[in-house]
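*Asks:* Below is the sequence, then the predicted model.
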2 protein chains.
Amino acid sequence: MSLKPLNFIDTNLDRFIEELKDFLRIASISARSEHTADVASCAEWVKHAAKEIGLENATIYETAGHPVVYADWMHAEGKPTLLIYGHYDVQPPEPIELWTSPPFEPEVRGDDIYARGSVDDKGQVHLHLKGIESWLRTTGSLPINVKLIIEGEEEIGSPNLEPFVREHKELLACDAVMISDTPMYDYDMPSITYGLRGLAYFELRVTGPDRDLHSGMFGGVVANPLNALCTMIAKMKDERGRIQLPGFYDDVIDVSSEERAELGRLPYSEEDFEKMINIPDTVGEEGYTDLERLWARPTLDVCGIWGGYQGEGAKTVLPSKASAKISMRLVANQDPEKVGEQFRKFVQENTPAGVTVEVVDLHGGPPALTPTDSVPVKAGLAALEEAFGTAPFLIRNGGSIPIVADFERNLDAPVVLMGFGLPDQNAHAPDEKMNLKNYHRGVKSAALFLQKFAEQE
Amino acid sequence: MSLKPLNFIDTNLDRFIEELKDFLRIASISARSEHTADVASCAEWVKHAAKEIGLENATIYETAGHPVVYADWMHAEGKPTLLIYGHYDVQPPEPIELWTSPPFEPEVRGDDIYARGSVDDKGQVHLHLKGIESWLRTTGSLPINVKLIIEGEEEIGSPNLEPFVREHKELLACDAVMISDTPMYDYDMPSITYGLRGLAYFELRVTGPDRDLHSGMFGGVVANPLNALCTMIAKMKDERGRIQLPGFYDDVIDVSSEERAELGRLPYSEEDFEKMINIPDTVGEEGYTDLERLWARPTLDVCGIWGGYQGEGAKTVLPSKASAKISMRLVANQDPEKVGEQFRKFVQENTPAGVTVEVVDLHGGPPALTPTDSVPVKAGLAALEEAFGTAPFLIRNGGSIPIVADFERNLDAPVVLMGFGLPDQNAHAPDEKMNLKNYHRGVKSAALFLQKFAEQE
């Protein structure tokens, strides 16, 4: 490719970092109403930054919540269109006292810049802006058409983004969606994330007698809702770690031998993992490796449970009610709605005698799986290889990013997750940081992607 | 028997009730330090009442907590000695606003006297005092020797009674112990309670990773302590309701065919029971009736459980810790210490991979079972039959009264539980009441028991 944009990036890196610091100084905490003005001025900052680098139609769209910033450059006739998504809002910084330097006073220490939002996601939005700038300033054009959509509500669950996307399908029409909001597998291991897990989350409520009873006077003939809840939860998985909801695995795309080989290439130390979180052993579904269990297999975890007496000492009560929060991580092609039906059916079929149950649907989102031979994924791999000077990895992520499926469904375009974070980046925690070498290589990757995508099409 | 004591009781009933009202006016709430003076003056009241009726050696013994009142009459040479135990302290009356009349202003409405302590246990202490009085006033003597021990800490778990009994074995030496602190099976169904369940109560704590983890990033390879806890609890009972601790049933005295026939004579409506506490079905151990399950079979109930996120909505956390309070009701001849070993062994053998567990011993007490052909039980049955004019019932109680086993162990004497409460008496609740017809028949039963015990020996 033309050396001009890459040289421009090297020459201007210090300026980029100073600009990023400005971006990071804005306390755009979407969860806090007292920061609404900061969130709004952060949207203005993004709009201004988009204009400055030569994007057009820079616009702030108001929503029922925080605004969405849009901008584009649509002069690459006959070339594909890339929609770059990111978010300018950040998590609350608390507990403040655990930060080495104040969360909204960015500070470079060693190879890292420390600030709330440095990696999640301002730093990764900014590297795309600078990648675009490197082309427009040095060549006056981009290799492909680009649309930018940067929202301000990601950290509060993007409540207004899906409606916005649905209402602006034409504005956002594209051939691929680029998101940089995920970690690399490790330092010097650039990665494309091609799979995310979905989510189906329920509260299961069990009621026995209509009041708390004396366990001596009534124990022995009254179904105890706590025992009943434990029995139901225990039955949800078998000894091999297989989830027992009827039809649960019917839609699961199993790990292929090719994928297994690919994942097997990744360095993974069970011992290091166990030490990191201080557990005696990793466990999980039989017949799968830890990485496969983490990324490519569904789970069922109790996230919370409560009922009866929880204070000090011994209270001999036979409680009236017990509840649990149960979360399932889903993989392609599971459907949260369908899993909800399976969950309800399982509960119905396994309710012990003497109690009644209620299932409350709390949250759901579909899994995502981008074909690894799709054009934007191949372009991403090529861009990373050139920017990092090493072969990139194809990885998955066990978490969920619901908007990925929203984009795929509404825009009918594949999503490529090319992130530049690191596993120890402290996203959502004190001392959040972005590695500046990765930022530098990220700007280059962003610039290179525009060209690689043009070439692949 | 001599008609004199019984006639005396009929003639003096109104005075007895006025005296009982005085007793009930004292707010002897042992749990509340601001009522310490009331508790002390109540002990004085009992000492004075014992003297008044002709008992000797009336003494207040100070303890580390509230005092014990002792008195005796030991002039029936060659005759057996009965130790009458009761308690003069009461439960706190809260919630006050749910009382129809103030808890320490006794009021007769219909056939009942309403006040805190009316049935638990002042009314039932008083009926023994009046039974003794009826003999001493009319004949100048008692058919047997009598010792009285009335404590002031029963409602806070009798912390100083067992040490007192241990230190005063000679003072308290007797041939039988009489306790009136249990309910009759129903109105017009006088009953001797010959069995109580024991208790073994533990807290089970499960730890997985050393901090709460993101259920997406880690779910699938990390043992979840909540799932693990549920699995362990579910395994503690099988499908037939049998408790799975190793050797748990080895020491259990099974229900004999005679006892089964006797319990089968008791009227019991499963439908009424279910309606009372609003449950769809009674459940329990296969092969036993509800009454057998309630009284003569051990149980395992989760009294409390907690861990992870218990707030509103969906938090996708894989929690670090989970705990449960687990109570077992024991039956003769189970030993709480031995059951503790069985529990620890079960937990050790059934701890799922990837978690660590801790068992905390919270409370324990042995079961009690008095042979129904023992002399004091037979005397009790005879006394009740004459006082009530109907054949009494032999029943058990699913609850635990730890002092029963303390008496049996320290004094080597059988305990007879001859109570005059009713199932709807509101002990420990607002509008506690004592049925005055039962009080009247109770005084007569107390008087008659002295004679029947003398005759049986």
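*Replies:* It's in. Residues are numbered from 1 along each chain as shown, chains lettered A, B, ... in the order given.

*Asks:* quick one: is stretch A:93-110 near chain B?
*Replies:* No. Interface with chain B: stretch A:93-110 contributes nothing (C-beta under 8 Å from any C-beta of the partner chain), its closest point being 13.8 Å away. All C-beta spots, glycine's among them, are computed from the backbone N, C-alpha and C.

*Asks:* what pLDDT does the one residue in the stretch 251-400 of chain A that gets nearest to chain B get?
*Replies:* Relative to chain B, the nearest point of the stretch 251-400 of chain A is residue A:399 (3.2 Å; C-beta to the nearest C-beta). Per-residue pLDDT puts residue A:399 at 90.

*Asks:* What residues does it make contact with?
*Replies:* A:196-197, B:214, B:216-217 (C-beta atoms under 8 Å, 6 or more residues apart in numbering or on different chains).

*Asks:* okay if I get the residues you listed as CSV plus distance to residue A:145?
*Replies:* Shown next, in CSV, are the contacts of residue A:399 (distance: C-beta to C-beta, whole Å):
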residue, distance to residue A:145
A:196, 26
A:197, 32
B:214, 36
B:216, 33
B:217, 35
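
*Asks:* Who wins on neighbours among the residues you listed?
*Replies:* The most crowded member of the contacts of residue A:399 is residue A:197, carrying 32 neighbours; neighbours defined as other C-beta atoms under 10 Å in any protein chain shown.

*Asks:* The stretch 251-400 of chain A: strands as residue ranges?
*Replies:* Here the stretch 251-400 of chain A has its strands, by DSSP state E, counting those that start in this stretch, at A:299-308, A:317-318, A:321-330, A:356-365, A:368-369, A:393-397.

*Asks:* Mean neighbour count added to these, as CSV?
*Replies:* Formatted as CSV, these follow (neighbours: other C-beta atoms under 10 Å in any protein chain shown):
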stretch, mean neighbour count
strand A:299-308, 25
strand A:317-318, 26
strand A:321-330, 25
strand A:356-365, 16
strand A:368-369, 22
strand A:393-397, 22
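
*Asks:* how about those strands, which one is nearest residue B:52?
*Replies:* strand A:317-318 (41.4 Å; C-beta to C-beta).

*Asks:* Around chain B, which positions in the stretch 351-457 of chain A sit nearby?
*Replies:* So the stretch 351-457 of chain A meets chain B at A:352-356, A:362-363, A:397-400 (C-beta under 8 Å from any C-beta).

*Asks:* Near chain B, which residues of the stretch 101-250 of chain A? Just list them.
*Replies:* Neighbours of chain B within the stretch 101-250 of chain A, by C-beta under 8 Å from any C-beta: A:197, A:199, A:201, A:208-211, A:213-224, A:226-227, A:229-231, A:233-235, A:237.

*Asks:* same thing but 7 Å
*Replies:* A:197, A:199, A:201, A:208-211, A:213-217, A:219-224, A:226-227, A:230-231, A:233-234 (C-beta under 7 Å from any C-beta of the partner chain).

*Asks:* Please tell me how far the residue nearest the centre of chain A sits from residue A:67.
*Replies:* Geometric centre of chain A, nearest residue: residue A:401, 3.9 Å, by C-alpha atoms, centre = their mean. From residue A:401 across to residue A:67, the span is 21 Å (C-beta to C-beta, to the nearest Å).

*Asks:* Any figure for the gap between the residue of the stretch 251-400 of chain A closest to chain B and residue B:176?
*Replies:* 70 Å.

*Asks:* out of the residues of the stretch 101-250 of chain A next to chain B, which are buried?
*Replies:* A:197, A:199, A:201, A:208-209, A:213, A:215-217, A:219-224, A:226-227, A:230-231, A:233-234 (16 or more other C-beta atoms under 10 Å in any protein chain shown).

*Asks:* next one: phi and psi at the nearest residue to the residue nearest to the centre of chain A once chain neighbours are set aside?
*Replies:* Leaving aside its chain neighbours, residue A:401 sits nearest to residue A:196 (5.5 Å; criterion: C-beta to C-beta, 6 or more residues apart in numbering or on different chains). Dihedral angles of residue A:196 (phi, psi; degrees, to the nearest 10) stand at phi -130, psi 150.

*Asks:* ditto for residue A:451
*Replies:* phi -70, psi -40.

*Asks:* isn't it right next to residue A:142, touching?
*Replies:* No. Look at residue A:451 against residue A:142 with C-beta atoms under 7 Å: they stay out of range, at 9.1 Å.

*Asks:* of those two, who's got more company?
*Replies:* residue A:142 (24 against 20).

*Asks:* Could I get the contacting residues of the more buried one?
*Replies:* Residue A:142 makes contact with A:73, A:76, A:132, A:135-136, A:450, according to C-beta atoms under 7 Å, 6 or more residues apart in numbering or on different chains.

*Asks:* again with residue A:67
*Replies:* Counting by C-beta under 7 Å, 6+ apart, residue A:67 touches A:40, A:43, A:60-61, A:152.

*Asks:* Would you mark the buried spots in whichever strand or helix holds residue A:47?
*Replies:* Per DSSP states H and E: residue A:47 is located in helix A:36-52. For helix A:36-52, burial by neighbour count (16+ other C-beta under 10 Å) applies to A:38-40, A:42-43, A:45-47, A:49-50.

*Asks:* Let me know the average pLDDT across it.
*Replies:* 98.

*Asks:* Mind giving me the packing neighbours of the strand or helix carrying residue A:24?
*Replies:* Using DSSP H and E, residue A:24 maps to helix A:3-25. Other helices and strands packing on helix A:3-25, by 3 or more C-beta pairs under 7 Å, 6 or more residues apart in numbering or on different chains; DSSP states H and E, are helix A:122-139, helix A:436-456.
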